[in-house]
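Q: need a structure here:
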Amino acid sequence: LRRISSWTRVFVLLCRLRARGTSVVMRFCTLALLSVSVQAAVIGIDFGARFVKVGIIQPGKGIELVLNEASKRKSSTAAGYNNQDERIFGDESYNLIGKIPHKQFIFSKLLLGKNISSYEVESFARYGFPYEFVADDETKAAVMKYGANTTLRSEELVAYVLSYCKQIAESHSKSPIKDA
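A: Here you go, the predicted model:
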């Protein structure tokens with residue numbers, strides 16, 4: 001991507017927007033925003049159900065994929081706790097699924113906004129995940145029971161993973177990420 005000119009990237013982006021059916025005004029606004037020079041680093045997060053990838057665009061450096069601590073481009077979306085009840089993320093959490101599965105939470109993105117009777121929540125029990133789900137009193141959303149009297153929302157688990165993405169982007173760029 002570094003060899004491709006910035007106008008070519010803009011053209012490709014505008015073609016993608018056109019294919020999605022966006023309006024001419026929206027494409028023009030995108031072109032105007034991209035033509036303005038950026039003075040700060042910008043990160044992009046590809047958050048899948050199983051893996052997450054982080055990209056960073058820094059002024060003068062172009063587009064780079066951020067490597068995690070294990071020098072991999074993609075990290076697991078697992079989040080959980082170790083035996084000392086410290087919060088852990090990514091591959092470190094995924095590696096503990098075999099040892100302490102009830103403290104590691106995966107596929108939390110699939111549970112966003114789902115209620116206790118949804119297909120996704122029922123499939124977790126059907127496939128043998130060691131999670132106990134209860135309905136939230138306020139929103140009626142499915143929350144995972146952790147420990148004797150602690151519950152975790154899927155939004156919290158996704159926030160754990162996004163904070164991990166911010167950490168590895170900061171360590172890659174060697175500067176703080178703001179406005180995340």
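Q: ok, which stretches of this protein are strands?
A: Per DSSP state E, the chain carries strands over the ranges 42-47, 51-58, 62-65, 74-76, 79-81, 87-89, 104-105, 132-135, 142-146, 150-152.
Q: Tell me which of those strands lies nearest to Tyr119.
A: Closest of these to Tyr119 is strand 142-146, at 11.4 Å (criterion: C-beta to C-beta). In this view, the C-beta of every residue, glycine as well, is placed from N, C-alpha and C.
Q: What strands line up against the closest one, and which way round?
A: strand 132-135 (antiparallel), strand 150-152 (antiparallel) (DSSP bridges).
Q: Take those strands and lay them out in CSV including distance to Ala169.
A: Supplementary listing: those in CSV, determined by distance: least, C-beta to C-beta, whole Å:
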stretch, distance to Ala169
strand 132-135, 32
strand 150-152, 24
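Q: mind listing what the closest residue to Ser154 other than its chain neighbours touches?
A: Leaving aside its sequence neighbours, Ser154 sits nearest to Leu111 (C-beta to C-beta, 6 or more residues apart in numbering; 3.8 Å). Leu111 makes contact with Glu120, Val121, Phe124, Ala142, Met144, Ser154, according to C-beta atoms under 8 Å, 6 or more residues apart in numbering.
Q: Scan these and report the most crowded one.
A: Using other C-beta atoms under 10 Å as the neighbour test, the contacts of Leu111 are led by Ala142, with 24 neighbours.
Q: Mind pulling up the pLDDT for that one?
A: Looking at Ala142, its pLDDT reads 90.
Q: Contact partners for the residue nearest the centre of the chain?
A: The centroid of the chain falls nearest to Phe47 when counting by C-alpha atoms, centre = their mean (3.7 Å). Residues counted as contacts of Phe47 (C-beta under 8 Å, 6+ apart) are Thr77, Lys109, Val158, Val161, Leu162, Cys165.
Q: which one is the fifth one nearest to, not counting chain neighbours?
A: For Leu162, ignoring the flanking residues on the chain, the nearest one in space by C-beta to C-beta, 6+ apart is Ile45 at 6.9 Å.
Q: How about the second one?
A: If you skip the residues right next to it in sequence, Lys109 has Ala49 as its closest partner in space, 5.2 Å away by C-beta to C-beta, 6+ apart.
Q: my guess is that neighbour meets Thr77, correct?
A: Yes: applying C-beta atoms under 8 Å as the test, Ala49 and Thr77 come out as touching, 7.0 Å apart.
Q: where in this protein is pLDDT low?
A: 1-39, 179-180 (pLDDT under 70).
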